[in-house]
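> 3D, please:
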Amino acid sequence: MDDRFSREGRRPSHLNSNHNSNDNINRSRPRPQPRPSPFRNSSAPDAADDSSHVRLRGGRGPRRRDHDQDEDMSEDPSDDTPEDEAPPARRRAPGSRSENEALKTGFQPGAILRVKVVNFVTYEKAEFFLGPNLNMVIGPNGTGKSSLVCAICLGLGYASSVLGRASAYGEFVKHGKDEAEIEVELQKKPGDARNSIVGLCIRREDNSRKFSINGRKTTLKDIQELMKSFRIQIDNLCQFLPQDKVAEFAGLGPVELLEKTLQAAAPQQMIQWQKDLREYFKGQKEAELSAHESNEQLRKMEARQQVLQADVEKLRERKEIQAAIVTLNKVELVVKYNEARREYGETKKRKKEAEQSLKRLQDSSAPSLAAVNHKQEYQAQIKQVVERRKGRLRAAEHAADDAVTKIEAAKNRVQELNTSIEAEATNFQAKKAEGNRLRIAISRLEKKYENRPKEFDAAEWNGRIREKQHLERDKDAELKELGEELLKIKSQGSEKHKQLKKFAQELDNLDSQQGQLLNQLKRINSDVAKGWDWLQNNQGIFEKEVFGPPMLSCSVKDKRYSDLVQSLLAPNDFLCFTAQTKDDHKKLSEQFYQTMGLSVTIRSCATDYSSFKPPLPRADLGRLGLDGYVTDYLEGPEPVLAMLCAEKRLHASALALQDISEEEFERIKENERISQFAAGQQLYRITRRREYGPGAVSTRVTQFQRGQFWSDQPVDMTEKTELRRKLDELQGEITELKTQMNEKSEKRKELLEELGVLAEEVRTLQGNKNELQRAFNEWQALPDSIEAEKRKLQQQKDELAGTRARIRELERARDEAVLEQAKCVLHHQRTIADIKTAYQDLVDVQLLLVEATSDLAALKDRNAELTQKLEAEKQALKDLTKQMNDLHATASQAKDDVAEFLSAADREELLAFAKDRTLEDVTQDIRTEKAKLEVIQASNPHALEEFENWAARIEKERQNHTGQEARLAALNNKINTIRSQWEPKLDDLVGQINDAFSYNFEQISCAGEVGVHKDEDFDKWAIEIKVKFRENETLQRLDQHRQSGGERAVSTIFYLMSLQSMAQAPFRVVDEINQGMDPRNERMVHERMVEIACREHTSQYFLITPKLLSGLRYDERMRVHTIVSGEHVDPEGTEKMDFSKFAKLQRSVMAH
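Numbering: from 1, shown residues only. The predicted structure is shown next:
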């Protein structure tokens, strides 16, 4: 952008921007306040207002006044202060105007006094001086109006995403520049020493931002705190509505709109109350849920515990029986101990008697047994001698076995040494042969070294190979480039074939009625055509059939009525889609609006078509001059017809081929049941206002044109000819592409052949080079090989000497082993003689033992009876001794058990209980109790433990439930306390907004209301905006789909204007909100905006628009900034483009 000018209504600024960055910024002092403008509705500013001139970068010489202009403007007698008396221009000190004049001019704390930008977007350097009330920024599209909005947003520390534009901050830096600077001056609070000047520097290179306040560097957090202190909420669409976010406002959810409205219009206390209520209601939900869950948990736990009751009773009875069994088991120990002690005493007495009986028998039989005893002693001595001689025999046998083992070891040693000698001898012969081989190899290598091969020049060979490889790479690159060209030609050919097929299909479509309709749909609205194409391929994903545009799905039965039917429908009625269920409507909306980004209309109607009844019987229409209702002549799917009836009341709209007479028209008016009809070439709409009496009837009659839908149209030969021409051109282009393809393919074949030849040449050169290099390298390596072979030969000689020495050593060791083997044989012979001697001695003593044993047997036979008596007495004594020991052990164990398992207190009680009881009695009692235990069985053996666990858990859960109920009671008390204060204030606030909103809509003969939706769920409390733009409509909620773009714009600006008197923010911005409005609405909206925004003590307001109607309302408190840019703007525009002069000239013209 080469040059820029800004014109302000109250204090105009004339901005000029070019590429000279060394000039200073100058501004003249403001002149006294002028009288009001005599031309109130003109879009030009008051020519007698204060005027300041700003020169921005690129003036030609020092600042001066144009005396001719002064003379022209001084002719207006309404100017109180002549311009030639104005003080000379001077450099403006930052903040001087705002600090000295702000309070006088009505700036609220936090309002924007000025904005300065350098190298920002399209601005090279510019400075805006803003008014305290309504600031209108106008100028053609692309001149940089929205850049002022961007500067305010970014300069005050907000993210670029708030603008809905570029996400990277570096993209806001002017093309060709490294940095951008923004300076925003905010009106100070009462008591502050100076205004707050917020600075921002954006670097393109690293996408960074650096902030400052009053020239001192600061952080983004400090900037945010400053904005919070002024209650500036640029991220709130109710305060700051940039151009790319206008549509988003209508898309705000009702809940989000309530939050944004409170942030923009409510005191901080209300916002805090809402935040507290949200937290408390959230806590209330959690507490209620927790209390409910706790109560339910208690119920379940008590039920679970009750289920265990029967098993618990059985388990308790079993526990008592088990305790009785334990007691009886203890008594059993005591009884066992008593019986064991008694039996031990009796057995001890019998043992003593047996010992006395044995002693008497032994004393009486002693003489008879003395010879037997003597013979037994002799036999025992002989047995000892036999055992000793058996030992000597075994020792002699072991010595013989050891001698045999030593002989075998010596023999094995001799064999091992012979084997080693043979191996060494074989090794000696092998090394000797290896030495001979090495001598021959050395002679051969020395002879080979004498024949020196031809010198090998590696550089020369590499150069020859590289030369061929370079040629190969060049050819390969050429081949690759040719391949890319071939791919490009193929891609172009494929695209051309697709276009050919497409044009051929379109040509065929021109000859069919459906094809003509589709082509017509594409010409009229490409988005609808795309949506219809998608819908035909995806009908299966919907619950019920979704119908396409009525222009395709419906038709007129009688073509004579086609124009009449179409006169009652709007263009959107022909192009809308019809869904039969809410879910299908939602699914289709998400697909078209979010996924595909289409701008189409989607409707649905829940009422059955048969429910739409005509207001009069068809027989009565003839008396009124009417032929029938629209539905009599229109056919199509019933859901589509039902939708058209719901939207346009076609079932109640009549038609007539001939125009009606005055009498028939009067009868229709008197009938009151027909409100619209088409007759002849005219459309009649009758409006009745019953609130003004029976005579309040107005009729609007319009001439309608021939309809563009549902008509048989001849084939457009021009379009047909154009399609054929395109087909011929495409055929020619495809033929040309085929020719190029063939040429390129042939060239590619040649290149492949050349590459094959080059590759073979490179392989041959590399093979020859490798062969020569190998031979030369081998010759160079021969001295090392000869030396290595000589070292190996010397090593072989050394190893042969070692082998000879090892063979001699092994032969000496073999001789020693043979000698040792002979010694072992002699020792073995001696051990054999020892075995013979020991065996003979053993046989001799064994004969003596046989004689002694025979004699002893004869003596025993003579004393057998006496011996048997003695043995019987001894055995009886032995058995009693064993029995007494066993009883003693049993009694000791029983005593230990009593001591271990019974306490001192239990012992006395159990001893008394066990008295006079036998072990059999106690055992029988135990069996009886165990039998009872077997009879009493519980289904759950762990029921008692679980029952007690459940009891503990129930008690804990009861405490938790009590705590949740206490918390819920506390939250309910807090909610009631805050809600009793917040809700009345909210109702009052929304009531004020509703009054203003409804009043604004009444001024344009429409209706609107704002209300609060109060839900049981506090998170669903919301603002509901309902509007009605047509008399026969009901109030409908404002959203992105129900209203047109212009209707949404009107609703949005009226809602924002309704907040103006309550605005908590110091300024508000609306960018291009009037786009899409019709002139009437735009004029009414402007009138209301000026009236509201220019009241005293209201917040600052910015309206950005590229165009305005003529004759709009003007107020002294508004300021108009006009931005003009372009390559033909005079660089000295700030000198010549004086809007004060323009205003005075206009005033002069109007005066005449």
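
> does the nearest residue to E455 once chain neighbours are set aside belong to a helix, a strand or coil?
In space, and not counting its chain neighbours, E455 is closest to F776: 7.5 Å by C-beta to C-beta, 6 or more residues apart in numbering. To be clear about C-beta, it is placed using only N, CA and C from the backbone, and glycine gets the same treatment. Under DSSP: H, G, I helix; E, B strand; the rest coil, the three-state class of F776 is helix.

> ditto for R452
What three-state DSSP gives for R452 is coil.

> run a quick neighbour tally on the nearest residue to it once chain neighbours are set aside.
Leaving aside its sequence neighbours, R452 sits nearest to W779 (C-beta to C-beta, 6+ apart; 6.6 Å). For W779, the neighbour count with other C-beta atoms under 10 Å is 16.

> and W779, what helix or strand is that in?
helix 717-862 (DSSP states H and E).

> give me the distance from that helix to the chain's centre.
58 Å (C-alpha atoms, centre = their mean, to the nearest Å).

> which strands or helices does that helix pack on?
Packed against helix 717-862 by the contact rule (3 or more C-beta pairs under 8 Å, 6 or more residues apart in numbering; DSSP states H and E) you find helix 309-450, helix 458-509.

> for A889, find the nearest of those.
A889 lies closest, by C-beta to C-beta, to one member of the helices and strands packed on helix 717-862: helix 309-450, at 9.0 Å.

> for that closest one, name the packing helices and strands.
helix 717-862, helix 864-901, helix 904-914, helix 919-935, helix 943-1002.

> so which of these gets nearest K648?
Between K648 and the helices and strands packed on helix 309-450, the shortest gap by C-beta to C-beta is with helix 943-1002, which sits at 22.9 Å.

> how about the helices and strands packed on helix 717-862, which one is nearest L134?
Nearest of the helices and strands packed on helix 717-862 (C-beta to C-beta): helix 458-509, 53.0 Å.

> could you give the number of residues near R804?
Using other C-beta under 10 Å, R804 has 12 other residues around it.

> got the contact list for it?
For R804, the contact set (C-beta atoms under 8 Å, 6 or more residues apart in numbering) comprises F428.

> recalculate using a threshold of 6 Å.
Contact partners of R804, counting by C-beta atoms under 6 Å, 6 or more residues apart in numbering, are absent.

> measure it to A425 for me?
Distance from R804 to A425, counting by C-beta to C-beta, to the nearest Å: 10 Å.

> relative to S1125, how far out is E181?
20 Å.

> more crowded one of the two?
Taking other C-beta under 10 Å, E181 and S1125 do not tie; S1125 has more neighbours (22 against 18).

> where does the nearest residue to that one once chain neighbours are set aside land in three-state SS?
The shortest distance from S1125 to any non-neighbouring residue, by C-beta to C-beta, 6+ apart, is to T143 (4.4 Å). Here T143 is recorded as coil under three-state DSSP.

> try N135
N135 is classified as strand under three-state DSSP.

> these two touch, right, it and V1120?
No - between N135 and V1120 there is no contact under C-beta atoms under 6 Å: 8.0 Å.

> okay, G515: pLDDT?
In this prediction, G515 carries a pLDDT score of 65.

> I should have written P549 there, sorry.
If you check P549, the pLDDT there is 91.

> ok, it - how many residues close by?
27.

> quick one: residues contacting it.
Applying C-beta under 6 Å, 6+ apart, we find P549 in contact with V528, L575.

> from L616, how far out is it?
P549 is 31 Å from L616, where distance means C-beta to C-beta.

> repeat for G131
Distance, G131 to L616, by C-beta to C-beta: 60 Å.

> and the two? Which one has more around it.
Remark: of G131 and L616, G131 carries more neighbours, 26 against 17, as counted by other C-beta under 10 Å.

> phi and psi next, for the closest residue to the more buried one other than its chain neighbours.
Setting aside the residues directly before and after it, G131 is nearest to R1119 in space (C-beta to C-beta, 6+ apart), at 3.4 Å. Per-residue torsions, R1119: phi -130, psi 130 (degrees, to the nearest 10).

> surely R1119 meets L134?
No - R1119 is not in contact with L134 according to C-beta under 6 Å; the separation is 7.2 Å.

> how many neighbours does the spatially closest residue to Q108 that is not a sequence neighbour have?
Of all residues not flanking Q108 in the chain, P1066 sits nearest, at 4.7 Å (C-beta to C-beta, 6+ apart). Applying other C-beta under 10 Å, we find 20 residues neighbouring P1066.

> how much space between P1066 and T1052?
From P1066 across to T1052, the span is 21 Å (C-beta to C-beta).

> same check on D879?
122 Å.

> of those two, who's got more company?
Shown here are D879 and T1052; by other C-beta under 10 Å, T1052 has more neighbours (22 against 12).

> the more buried one: which element?
According to DSSP H and E, T1052 maps onto helix 1045-1058.

> for the next helix or strand after that helix, buried residues please.
Following helix 1045-1058 in sequence order, the next helix or strand is strand 1067-1071 (DSSP H and E). By neighbour count on 16 or more other C-beta atoms under 10 Å, the buried set for strand 1067-1071 is F1067, R1068, V1069, V1070, D1071.

> pLDDT and distance to Y1114 for those - can I get that in CSV?
Compiled in CSV, the buried residues of strand 1067-1071 are given as follows (pLDDT from 0 to 100; distance: C-beta to C-beta, whole Å):
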residue, pLDDT, distance to Y1114
F1067, 84, 21
R1068, 76, 20
V1069, 83, 21
V1070, 77, 18
D1071, 73, 21
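
> closest one of these to L683?
Using C-beta to C-beta, V1070 comes nearest to L683 of these, at 36.5 Å.

> tell me how far the closest one lies from V137.
Distance of V1070 to V137, computed by C-beta to C-beta: 10 Å.

> now swap in C201 and tell me
Applying C-beta to C-beta, the value for C201 to V137 is 24 Å.

> same check on D527?
For D527, the distance to V137 (C-beta to C-beta) stands at 32 Å.

> neighbour count: the two, which is higher?
More neighbours surround V137 than the other of D527 and V137, with 27 against 14 (other C-beta under 10 Å).

> can you show me the strands along the stretch 501-650 of the chain?
Remark: strands assigned in the stretch 501-650 of the chain by DSSP state E, counting those that start in this stretch are 555-556, 577-579, 602-604, 628-629, 634-635.

> what about N1000, distance to A1007?
11 Å.

> I'm done for today, thanks for sticking with me.
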